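Peer 1: Pasted the sequence and its predicted model underneath.
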Amino acid sequence: MKFIRAKTILAKVKNAPDSWFGLSYNMNLYRGCQHQCIYCDSRSECYQIEDFSQIQVKENALDLLEIEIKKKKLKGTIGTGSMNDPYMPTEKKVRTTRKALEIINKYNFPVHILTKNSLVLRDIDLISEIAKTYAAVSFTITTANDKLGKIIEPGASLTSERFQAIKVLSDAGIYTGVLLMPILPFINDTKENITALIEMAKKAGAKYIIGWMGMTLRDKQRDYYYSKLDQHFPGIKEKYIARYTNQYNIAVPDGYKLQALFEAKCKEAGLSTKMDIFKEIKPEQLNLF
Ligand code: SF4
């Protein structure tokens, strides 16, 4: 683990609040991620992270957050978990995410936590407080099979543990759901997997499930992913090369059919395929509630 200094911590999201996750600001407290998902986009060259497995903690992140949050002219949802997981194992010791939530709570900002780790349950007290403004916790879950999950997301909590965490959060009245993405061609793109995940989400008390039947691949991210395909799924890399060459957007074969199945099953289960999002407001408007 290495400590680094950041220049800023809250990045404004284009077209905020964005339609998928309702984010106005993005906050990355770490660089690199211990979950080591084989498909992770954060390995792409544009992010300039030389060694993605080397965890870097932004040592001045909390000071920056306190300064920047006070200056925001609009209260909008702060998202965390897009380029690294805020609850990766290191967080247990470092507690940067927890301290950031304390600041977010102090200034009554809304938050959307995206994670694959049940360590988020440690902060259920704070999240419940923030929920008086707005809080959502989304678990990215890609496979109903714990064994497959261990291969494609080796450092994250097992799928079964993530669903248990959804249950605990949901029972505590916290707005929680599933991000069913990415769907990897020839690996987790089966009707059985999609159907099972929707059933598990329903059972756990998820309020929404946002699905996307594909993935993205580029440069260093693709190289790493292909090396893992060779290691764990011999013969599949060749299928990707033949079908997708160097494409960035990778839609699974029969993606339309799978998307239709996803929507039909969610409807049947009474699960929304969209989140309720927090609309940006001026700080003084919050006092009215
Ligand atoms: S949890 Fe997210 S950021 Fe971390 S390795 Fe997996 S995909 Fe990448």
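Peer 2: Good, I have the coordinates.
Peer 1: could you pull out the strands for the chain?
Peer 2: 2-4, 10-12, 25-27, 30-31, 56-58, 78-80, 111-115, 135-140, 175-180, 208-211, 214-216, 249-251 (DSSP state E).
Peer 1: can you give me the helices in this protein?
Peer 2: 61-71, 90-94, 96-106, 124-130, 146-152, 159-171, 191-204, 219-232, 236-244, 255-269, 283-286 (DSSP state H).
Peer 1: Okay, K58 and L29: tell me how far apart.
Peer 2: Separation of K58 from L29 (Cβ to Cβ, to the nearest Å): 6 Å. Where C-beta positions appear, they are placed from N, C-alpha and C, glycine not excepted.
Peer 1: Could you tell me which residues touch both of the two?
Peer 2: Listed as contacting both K58 and L29 by Cβ atoms under 8 Å, 6 or more residues apart in numbering are 9, 96.
Peer 1: List the contacts of the nearest residue to M213 once chain neighbours are set aside.
Peer 2: Closest residue to M213 apart from its sequence neighbours, by Cβ to Cβ, 6 or more residues apart in numbering: G255 at 4.3 Å. Shown in contact with G255 (Cβ under 8 Å, 6+ apart): 189, 213-214.
Peer 1: any idea how far G255 is from K12?
Peer 2: 32 Å.
Peer 1: Likewise for E45?
Peer 2: As judged by Cβ to Cβ, E45 and K12 stand 23 Å apart.
Peer 1: Ok, H35 next?
Peer 2: From H35 across to K12, the span is 26 Å (Cβ to Cβ).
Peer 1: who has more neighbours, those two?
Peer 2: In this view H35 and K12 are compared by other Cβ atoms under 10 Å, and H35 has more residues nearby, 19 against 13.
Peer 1: Find me the pLDDT at the more buried one, would you?
Peer 2: pLDDT, H35: 97.
Peer 1: I figured it hits I152, correct?
Peer 2: No: the criterion here is Cβ atoms under 8 Å, and H35 misses it with I152 at 10.3 Å.
Peer 1: Excluding residues flanking it in the chain, which one is nearest G155?
Peer 2: H35 (4.0 Å).
Peer 1: so who does that neighbour touch?
Peer 2: H35 neighbours (Cβ under 8 Å, 6+ apart): 85, 88, 116-117, 153-156.
Peer 1: for those, which one is nearest the ligand?
Peer 2: D85 (4.0 Å; Cβ to the nearest ligand atom).
Peer 1: can you pull the contacts of that closest one?
Peer 2: Contacts of D85 (Cβ under 8 Å, 6+ apart): 33-35, 114-117, 156.
Peer 1: taking these as a set, which two sit the farthest apart in space?
Peer 2: Spanning the widest gap among the contacts of D85 are Q34 and L114, at 15.5 Å by Cβ to Cβ.
Peer 1: Nothing else from me, thank you.
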